[in-house]
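Novice: Structure of the sequence below:
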Amino acid sequence: MKIQIDLKSAVCGLIIGVAAMFALGADSSPSSESGRYQISAGSGLAFIVDSTTGQAWVYNSGSGPRNDGDFFTPKNK
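Specialist: Below you'll find the model as predicted:
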């Protein structure tokens, strides 16, 4: 049994398949939560910053979590 494939149809199908993969993979929603919280840690201290609101928290291993002072209030964009 010999199967013949039309080259023009195969190329057209390949192009449509690649275009469909790009269309399905595209995400235009700006509400992605990936990377929203930034964490920085050092010797006994850890800072957590919400990059959407600008609010920051600090954790000190000696005194526990804090959220005080003007530094830790949400910032205006």
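Novice: now the residue nearest in space to the middle of the chain: how far from residue 13?
Specialist: Taking Cα atoms, centre = their mean, the centroid of the chain lies closest to residue 34, which sits 2.5 Å from it. Shown here: residue 34 relative to residue 13, a distance of 34 Å by Cβ to Cβ, to the nearest Å. (C-beta placed from N, C-alpha, C; glycine too.)
Novice: show me where pLDDT drops low in the protein?
Specialist: Applying pLDDT under 70 to the chain flags residues 27-33, 62-77.
Novice: Is residue 34 in a helix, a strand, or coil?
Specialist: coil (DSSP: H, G, I helix; E, B strand; the rest coil).
Novice: Quick one: residues contacting it.
Specialist: Contact analysis of residue 34 by Cβ atoms under 8 Å, 6 or more residues apart in numbering lists nothing.
Novice: Remind me what the host helix or strand of residue 58 packs against, helices and strands.
Specialist: Taking DSSP states H and E as the criterion, residue 58 maps to strand 56-60. In terms of contacts (3 or more Cβ pairs under 8 Å, 6 or more residues apart in numbering; DSSP states H and E), strand 56-60 is packed against strand 45-50, strand 64-66.
Novice: now the first one and strand 56-60, what's the angle there?
Specialist: Put plainly, it is strand 45-50. Angle of strand 45-50 versus strand 56-60, following axes from the mean of the first three to the mean of the last three Cα atoms, to 10 degrees, is 160 degrees.
Novice: Strand 45-50 pairs with which strands?
Specialist: With DSSP bridges as the test, strand 45-50 is paired with strand 37-41 (antiparallel), strand 56-60 (antiparallel).
Novice: Any figure for the gap between residue 61 and residue 49?
Specialist: Residue 61 is 19 Å from residue 49, by Cβ to Cβ.
Novice: Would you mind telling me which of the two has more residues around it?
Specialist: residue 49 (18 against 9; other Cβ atoms under 10 Å).
Novice: Fine by me, thanks again.
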